[in-house]
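Student: Following is a predicted model, sequence given first.
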Amino acid sequence: PAPPCTLVIFGAGGDLTKRLLMPALYNLAGGGLLDQKFSVLGVDHNPLTDDGWRDDLTGTMESFTKDTSAEFHAERIDPRSWGFIRERLHVMQGDFSEEATFRDLAGRLTGNVVFYLAVSARFFGPIVKGLGKAGLLKQGDGAFRRVVIEKPFGVDLASAKALNETILAQGDESQFYRIDHFLGKETVQSILALRFANALLEPIWRSEYVDHVEITAAETIGVEERGRFYEPTGALRDMVPNHLFQLLTMVAMEPPGSFDAEAVRDEKTRLVTAIRPVSPQDAVRGQYAAGREEGKAVPAYRDEPDVAKDSRTETYVALKLAIDNPRWSGVPFYLRTGKRLADRHTAITVHFKPAPFTLFRGADGDEPASNVMRLNIDPEPGSFTGLNVKRPGPQMHLAAIESGFRYADFFDPAPTVGYETLLYDCMMGDPTLFQRADTIEASWAAVDPLIKAWKDAPVCLYPAGSPGPKEAEELLSRDGRAWLPLG
Ligand code: BG6
């Protein structure tokens, strides 16, 4: 198990705590990964009692047995695992901007503590300042004090820098764990194994053999109840410098000298720094109009709650990126993400150049399909290779086939909501899967020119339930390429 510690959750009554943190703790308890002396102290603006909070969370955990759409679903809640967590839950009321809250906390905490900021981003700075001032980030006698910070980490380069400055005035970089939940996804972590542990792949993962790389994070859901957050944010800030760039670093970074956290994170920063600032000609911003999703009529983004009727916020982004380093020189990376698209699917596809010998390029147009390696992240983790074989029959004709593997076919599915590894790693003191200050700043630096250029730019509308705006198709077709079909 992880070392004994208290997990202090700011935002105890919030959605993240209910939907993700509690199920993740429950799964960790089920795996025997929490120490007997582990405990949770929730902090919330609203008055909550230990028993009230325990009952609320028990109710939510039970409700997951009926809700198959939630991140966490179980046939039944195991009373031992949940009992382990439940009896360790305590809560206190506190205003995140009041000194008194942190004084109270200081009176209650000793030893190892992980502070989890499951709160709106505007509280990140004030909470870390409060912790620092109250002496709660001082580490001594072998005890650790760590802070987990959710996204969004800043809204542009300047604000991310300012936030880094604020928090690093209160503690050391090694104490801050900036979460990107995409790094908790099993297939994302497996990309490095696939790339660097396979002699079949490692030598060809470069510009001599790779034609282009496609990264897609397509969602079918709309903005839901998050209009207030989403309106000033948009798809670019919400998904690109964080989730999509993390996928990009995994698929494109140089091999680190070791799996030491700093070695891995050094390479990530190096890769992100090599992204050429995106020009508006290489970017498409879209917004969903009314349409149909899974057979049901759904409203336009502009008709969602808390969204302006004339909103120009993008719910879709497609980008063509260049990476200025020897490995990827001349290889475009096409990234796209959007809400209310035809399909829910997150995948990275590496498209290889044609085999050098043109034996099969016959007059009958029997062109070999280009080889691809698709790393599926959601909804069904696995990886697939597109190859050419001979079609059975007397004549020599090619057929494109897919050979693949699904995680579920090889491994017992471990119950996960994607936060287990991240929470466990933080308690263990392993920051490999968390973002360092320099990586975050380099990521914002790469998209900042686009954020500025898009300030007054129009959006291209696409019908909900479609593959996205036609302008995104053109972004690739002008290069003689096409996205893999959605839906
Ligand atoms: C979040 C974004 O960080 O990631 C959401 O704020 C998005 O807008 C979500 O829906 C996607 O995550 P996942 O794991 O569902 O692909």
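Tutor: Right, received. Where do you want to start?

Student: residue closest to the middle of this structure?
Tutor: Of all residues in the chain, the one closest to the mean position by Cα atoms, centre = their mean is residue 182, 2.6 Å from it.

Student: wait, residue 21 sits on residue 118?
Tutor: Yes. Residue 21 lies in contact with residue 118 (Cβ atoms under 8 Å); the separation is 6.5 Å. Where C-beta positions appear, they are placed from N, C-alpha and C, glycine not excepted.

Student: what touches both of those two?
Tutor: Shared contacts of residue 21 and residue 118 (Cβ atoms under 8 Å, 6 or more residues apart in numbering): residue 9.

Student: Just checking: what are the partner strands of the helix or strand encompassing residue 346?
Tutor: Using DSSP states H and E, residue 346 falls within strand 345-352. Here strand 345-352 is paired, per DSSP bridges, with strand 210-218 (antiparallel), strand 372-378 (antiparallel).

Student: what's in contact with it?
Tutor: Here strand 345-352 makes contact (Cβ under 8 Å, 6+ apart) with 191, 204-205, 209-218, 247, 251, 370-379, 481, 484, 486.

Student: Over to stretch 318-326?
Tutor: For stretch 318-326, contacts defined as Cβ under 8 Å, 6+ apart pick out 207, 240, 248, 252, 254, 270-271, 274-276, 278, 282-284, 286, 328-329, 331-336, 450, 468-469, 471-472, 475-476, 479.

Student: Could you measure from the closest residue to residue 457 other than its chain neighbours over to the ligand?
Tutor: Once flanking residues are discounted, residue 457 sits nearest to residue 285: 6.5 Å by Cβ to Cβ, 6 or more residues apart in numbering. To the ligand, residue 285 is 16 Å away according to Cβ to the nearest ligand atom, to the nearest Å.

Student: What residues are bridge-paired with residue 285?
Tutor: In this entry, residue 285 is beta-bridged to residue 317, by DSSP bridges.

Student: can I assume it is in contact with residue 337?
Tutor: No. Checked against Cβ under 8 Å, the pair residue 285 and residue 337 is beyond contact range at 11.2 Å.

Student: Need the overlap of contacts for those two.
Tutor: Listed as contacting both residue 285 and residue 337 by Cβ under 8 Å, 6+ apart are 235, 316-317.

Student: By neighbours, which of these wins?
Tutor: Counting by other Cβ atoms under 10 Å, residue 316 has the largest number of neighbours within the shared contacts of residue 285 and residue 337, with 30 neighbours.

Student: Tell me who's in contact with that one.
Tutor: Shown in contact with residue 316 (Cβ under 8 Å, 6+ apart): 235, 284-288, 336-339, 341, 462, 468-469, 472.

Student: how near is it to residue 467?
Tutor: Per Cβ to Cβ, to the nearest Å, residue 316 is found 10 Å from residue 467.

Student: anything in contact with each of these two?
Tutor: With Cβ under 8 Å, 6+ apart as the test, residue 316 and residue 467 both reach residue 341.

Student: Would you agree residue 111 is in contact with residue 5?
Tutor: Yes. Taking contacts as Cβ under 8 Å, residue 111 lies within contact range of residue 5: 7.1 Å.

Student: Looking at the two now, which is surrounded by more residues?
Tutor: For residue 111 versus residue 5, neighbours defined as other Cβ under 10 Å are more numerous around residue 5 (22 against 14).

Student: residues in contact with the residue of the stretch 1-150 of the chain found nearest the ligand?
Tutor: Closest contact between the stretch 1-150 of the chain and the ligand, by Cβ to the nearest ligand atom, is at residue 71 (7.7 Å). Contact analysis of residue 71 by Cβ under 8 Å, 6+ apart lists 19-20, 23, 417-418.

Student: can you list the residues you listed in JSON lines and add neighbour count?
Tutor: Output for the contacts of residue 71, formatted as JSON lines (neighbours: other Cβ atoms under 10 Å):
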{"residue": "19", "neighbour count": "18"}
{"residue": "20", "neighbour count": "22"}
{"residue": "23", "neighbour count": "27"}
{"residue": "417", "neighbour count": "20"}
{"residue": "418", "neighbour count": "19"}
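
Student: ok, so of those, who is nearest residue 54?
Tutor: residue 23 (15.4 Å; Cβ to Cβ).

Student: Name the nearest residue to the closest one, ignoring sequence neighbours.
Tutor: Per Cβ to Cβ, 6+ apart, closest to residue 23 is residue 72, 3.6 Å.

Student: Surely that neighbour touches residue 65?
Tutor: No. With contact defined as Cβ under 8 Å, residue 72 does not reach residue 65; the gap is 9.9 Å.

Student: Compare the two (neighbour count), which wins?
Tutor: More crowded of residue 72 and residue 65, by other Cβ under 10 Å: residue 72, with 22 against 13.

Student: Quick check: which element contains that one?
Tutor: Judged by DSSP H and E, residue 72 forms part of no helix or strand.

Student: now stretch 70-86, how far from the chain's geometric center?
Tutor: 24 Å (Cα atoms, centre = their mean, to the nearest Å).

Student: what does stretch 84-99 give?
Tutor: That offset, for stretch 84-99, works out to 27 Å (Cα atoms, centre = their mean).

Student: model confidence over it, on average?
Tutor: Taken as a whole, stretch 84-99 carries a mean pLDDT of 97.

Student: Write a PyMOL command that selects only the buried members of the contacts of stretch 318-326.
Tutor: Those of these that count as buried under 16 or more other Cβ atoms under 10 Å are selected in PyMOL with:
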select buried, resi 240+248+252+270+271+274+275+278+282+283+284+286+328+331+332+333+334+335+336+450+468+469+472+475+476
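
Student: In helices, which of the contacts of stretch 318-326 fall?
Tutor: 248, 252, 270-271, 450, 471-472, 475-476 (DSSP state H).

Student: Can you name the helix or strand that the residue of the chain found nearest the ligand falls in?
Tutor: When distances are taken as Cβ to the nearest ligand atom, the chain reaches nearest to the ligand at residue 238, 4.7 Å away. Per DSSP H and E: residue 238 is located in helix 234-239.

Student: Assign a three-state SS to residue 2, would you?
Tutor: coil (DSSP: H, G, I helix; E, B strand; the rest coil).

Student: and it, how far is that from residue 144?
Tutor: Separation of residue 2 from residue 144 (Cβ to Cβ): 11 Å.

Student: Likewise for residue 75?
Tutor: Distance, residue 75 to residue 144, by Cβ to Cβ: 36 Å.

Student: between these two, which one's more packed in?
Tutor: Higher neighbour count among residue 75 and residue 144: residue 144, with 17 against 6, using other Cβ under 10 Å.

Student: Leaving out the residues flanking it, which one is nearest to that one?
Tutor: Closest to residue 144 by Cβ to Cβ, 6+ apart is residue 112, at 5.1 Å.

Student: where exactly do the helices run in the stretch 1-150 of the chain?
Tutor: Here the stretch 1-150 of the chain has its helices, by DSSP state H, counting those that start in this stretch, at 15-16, 22-30, 50-63, 79-86, 99-108, 124-133.

Student: which of the ones you listed is buried the deepest?
Tutor: Most buried of the helices of the stretch 1-150 of the chain, by mean neighbour count (mean count of other Cβ atoms under 10 Å): helix 22-30, with a mean of 24.
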